[in-house]
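1. the sequence and its predicted three-dimensional model are supplied below.
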Amino acid sequence: MQSEIGNNKILVIGSRGGIGSALTSQIKDCDTLNSAQLDLDKPEKIDSQDFSNYDYVYNATGHSKGTYLGFQKNSFKNIISQINVNFVSNILLLKKYAEQRNNGTYVWISSDVSDHPRPFHSVYASSKVASRYAFDLIKKEITHINVVEIKIGLTRTNFRYNNFLGTKTHEHVDKSYDGGRALEPKFIAEKIVQAVNNRQESVHIK
């Protein structure tokens with residue numbers, strides 16, 4: 001399935017991640033930005049970016065590094081990074097995009113932990129809730145840009161492995177997905193493209 005008809009220009013940010021990589025396979029002829037090209041842990045870097053050529057921007061970034069440690073034991077650096085990547089950079093990407101375009105669509109990846117948080121997800125879930133709350137208000141000001149929220153359930157990516165900061169093997173983490181009916185990135189990417197093609201403003205994939 002192609003993303004949108006015609007000659008629309010599409011950018012996927014976070015193309016190295018499981019969902020971002022699946023999106024680049026699903027969406028033909030899209031441009032990509034990975035963390036080495038645009039580090040969203042440094043939100044100020046966004047101001048120098050040029051998104052003016054893109055009809056669609058997909059922000060597939062996000063992380064919950066060190067979440068398994070809990071709020072008290074996780075480092076200040078990891079907590080600040082979660083807030084920067086999941087919230088601050090998310091809304092600033094939209095701001096920059098809206099400044100450079102007369103119209104367009106901005107797609108961001110949310111999580112159902114914002115509605116049903118699991119243990120230790122205080123900062124991660126809060127950053128997703130904060131993005132949603134901000135966008136609900138921002139959309140009243142930025143009416144020329146369509147903002148699409150894609151809320152997803154547990155998905156089989158390296159996301160959970162990074163939670164454990166390498167203290168558990170990939171094999172152990174992969175096994176932990178088995179009992180949770182984890183979704184596959186390819187399935188998520190297909191549903192995202194379908195939602196955008198159907199011009200939905202929000203969709204919950206679970």
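-> Everything's here; your move.
2. count residues in the vicinity of Asn53, would you?
-> 10 (other Cβ atoms under 10 Å). From N, CA and C alone the C-beta is placed, and that goes for glycine too.
3. next one: the closest residue to it other than its chain neighbours from Ile205, what distance?
-> In space, and not counting its chain neighbours, Asn53 is closest to Lys9: 5.2 Å by Cβ to Cβ, 6 or more residues apart in numbering. Counting by Cβ to Cβ, to the nearest Å, the separation of Lys9 from Ile205 is 25 Å.
4. for those two, indicate the residue with more neighbours.
-> Neighbours per residue (other Cβ under 10 Å) separate Lys9 from Ile205, with Ile205 holding more: 19 against 15.
5. beta partners of Glu149?
-> Note on Glu149: beta-bridge partners Trp108, Ser202, judged by DSSP bridges.
6. give the buried residues for the longest helix along the chain.
-> The residue-count maximum for a helix in the chain (DSSP state H) belongs to helix 122-141. By neighbour count on 16 or more other Cβ atoms under 10 Å, the buried set for helix 122-141 is 123-132, 135, 138.
7. likewise stretch 94-108?
-> 94, 96-98, 101, 104-108.
8. among those, which are in helices?
-> 94, 96-98.
9. need those in JSON lines (columns: pLDDT and distance to Pro119).
-> What follows is these, written out as JSON lines (pLDDT from 0 to 100; distance: Cβ to Cβ, whole Å):
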{"residue": "Leu94", "pLDDT": "98", "distance to Pro119": "31"}
{"residue": "Lys96", "pLDDT": "98", "distance to Pro119": "35"}
{"residue": "Tyr97", "pLDDT": "98", "distance to Pro119": "35"}
{"residue": "Ala98", "pLDDT": "98", "distance to Pro119": "36"}
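10. Ser48: which of those is nearest?
-> Lys96 (9.2 Å; Cβ to Cβ).
11. shouldn't that closest one be in contact with Glu44?
-> No: Lys96 is beyond contact range of Glu44, at 11.3 Å (criterion: Cβ atoms under 8 Å).
12. so where is this protein shaky, pLDDT-wise?
-> The model of the chain has pLDDT under 70 over residues 1-6, 156-164, 166-170, 172-180.
13. and the helices in it?
-> Under DSSP H, the chain gives helices at 18-26, 76-83, 89-100, 122-141, 159-163, 170-178, 185-197.
14. I'd like to know which of those is closest to Gly70.
-> helix 122-141 (8.5 Å).
15. can you give me the neighbour number for Asn78?
-> 19.
16. equivalent analysis for the one 10 residues further on, please.
-> Val88 has 21 neighbours, counted by other Cβ under 10 Å.
17. grab the nearest non-local neighbour of it.
-> For Val88, the spatially nearest residue (Cβ to Cβ, 6+ apart) is Pro43, at 4.7 Å.
18. pretty sure that neighbour sits against Leu92.
-> Yes: between Pro43 and Leu92 there is a contact under Cβ under 8 Å: 5.2 Å.
19. list the contacts for Tyr54?
-> Taking Cβ atoms under 8 Å, 6 or more residues apart in numbering, we find Tyr54 in contact with 9-11, 31, 97, 101, 104.
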